[in-house]
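Visitor: Any chance you could fold what I've pasted below:
(one chain, ligands or ions: 2)
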Amino acid sequence: MHIEVDSHTHTIASGHAYSSLGENVAAAAGRGIKLLAITEHGPAMPGSPHIWFFKNMRVIPRIMNGIGILRGIEANIINKKGELDIDDSLHPHLDIVLASLHEPVIEPSTRSIHTDAVIKAMSSGKIDVFAHGGNPIFPIEVDEVAKAARAYNVLVEINNSSFTTSRPGSDKNCASLAEAVGRHEAKLTFGSDAHIACNVGRFVECIAFVERIGFPSERILSTCCHRFITFLQEKHKTNLETLVALYSRPT
Ligand SMILES: [Zn+2]
Ligand SMILES: [Zn+2]
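Guide: Ligands and ions are numbered 1, 2, ... in the order given. Have a look, this model is predicted:
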């Protein structure tokens with residue numbers, strides 16, 4: 001299995017990551033990534049960039065080192081209503097919005113409250129990816145979340161860092177979540193969640209994971225940059241013309 005899209009990466013702009021955009025792009029190119037999403041943490045996370053950082057991402061070339069660049073954010077779900085830490089004025093500047101539950105931002109609560117918050121975030125139409133949903137700190141009802149992901153056309157992320165450096169104990173929950181995604185015919189994406197360039201585009205653990213549970217590769221959008229761009233078009237993202245032209249047909 002070859003992965004063409006890394007839908008979740010951080011640079012030094014996130015405050016607790018260690019590589020520049022140029023270093024990340026070079027690392028992605030070295031791993032054969034064709035579409036790279038820059039997804040710094042949203043403003044509620046300590047050390048995250050100022051909102052102007054996100055509004056100015058238009059200065060980043062659409063194509064760097066031959067790789068398509070997606071201007072994104074890892075927004076925070078901030079309450080049980082599923083609200084995000086960004087306001088609507090930011091969305092036109094973004095190609096991809098990940099939403100996550102992070103301990104420094106929202107206190108862990110009950111499975112049912114987490115589930116409700118995630119489904120409300122999905123139903124708002126404001127998010128494209130639910131990130132690192134296997135975190136044992138924030139347990140969820142996987143079938144409910146997977147059903148909502150299908151209904152609202154939101155990708156469920158399998159996060160490579162959850163198997164290596166972050167969120168210990170995620171493995172079992174990731175398996176339950178991915179199996180629910182399969183049952184309800186939703187789709188997965190892979191995010192490296194790299195906080196240093198050497199991990200950008202690294203999906204060894206994600207690939208081994210989906211092979212182990214027998215998840216069908218055609219339901220993993222990050223295997224094809226063309227399908228990933230088509231998904232973003234379905235989500236009514238604007239300003240994607242250059243990337244649409246670059247990946248106008250399956251590569
Ligand atoms: Zn995160
Ligand atoms: Zn992240």
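Visitor: Against which helices or strands is the strand ranked longest in the chain packed?
Guide: In the chain, with assignment by DSSP state E, the single longest strand is strand 67-76. Applying 3 or more C-beta pairs under 8 Å, 6 or more residues apart in numbering; DSSP states H and E, we find strand 67-76 packed against helix 21-30, strand 35-41, strand 96-100, helix 225-234, helix 241-246. Using the backbone N, CA and C atoms, a C-beta is placed for each residue, glycine as well.
Visitor: Reformat those as a markdown table; add mean pLDDT and mean neighbour count.
Guide: Converted to a markdown table, the helices and strands packed on strand 67-76 look like this (pLDDT from 0 to 100; neighbours: other C-beta atoms under 10 Å):
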| stretch | mean pLDDT | mean neighbour count |
| --- | --- | --- |
| helix 21-30 | 98 | 20 |
| strand 35-41 | 98 | 26 |
| strand 96-100 | 98 | 26 |
| helix 225-234 | 96 | 19 |
| helix 241-246 | 92 | 15 |
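Visitor: Let me have the ones you listed in CSV, extended by distance to F138.
Guide: Output for these, formatted as CSV (distance: least, C-beta to C-beta, whole Å):
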stretch, distance to F138
helix 21-30, 27
strand 35-41, 16
strand 96-100, 9
helix 225-234, 25
helix 241-246, 32
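Visitor: returning to what we had before: can you list the buried residues in the longest strand of the chain?
Guide: Going by neighbour count (16 or more other C-beta atoms under 10 Å), the buried part of strand 67-76 is I67, G68, I69, L70, R71, G72, I73, E74, A75, N76.
Visitor: Do me a favour and get the backbone dihedrals for H132.
Guide: Phi and psi for H132, reported as degrees, to the nearest 10, are phi 30, psi 60.
Visitor: The closest residue to it other than its chain neighbours: how many residues sit nearby?
Guide: Nearest non-adjacent residue to H132, counting by C-beta to C-beta, 6 or more residues apart in numbering: N159, 4.2 Å away. A count of neighbours around N159, defined by other C-beta atoms under 10 Å, yields 27.
Visitor: Contact partners for N159?
Guide: 8, 131-132, 134, 166-167, 170, 174, 190-193, 206 (C-beta atoms under 8 Å, 6 or more residues apart in numbering).
Visitor: Please apply the same query to I213.
Guide: A175, A178, E179.
Visitor: Okay, now the unreliable bits of the protein?
Guide: 250-251 (pLDDT under 70).
Visitor: if we go to 80?
Guide: 167-170, 248-251 (pLDDT under 80).
Visitor: mind listing the strands in it by residue range?
Guide: For the chain, the strands identified by DSSP E occupy 5-6, 35-41, 63-64, 67-76, 96-100, 129-130, 155-159, 188-191, in order along the chain.
Visitor: Out of the ones you listed, flag the one nearest ligand 2.
Guide: When those are compared by C-beta to the ion, strand 67-76 sits nearest ligand 2, at 4.7 Å.
Visitor: Fine by me, thanks again.
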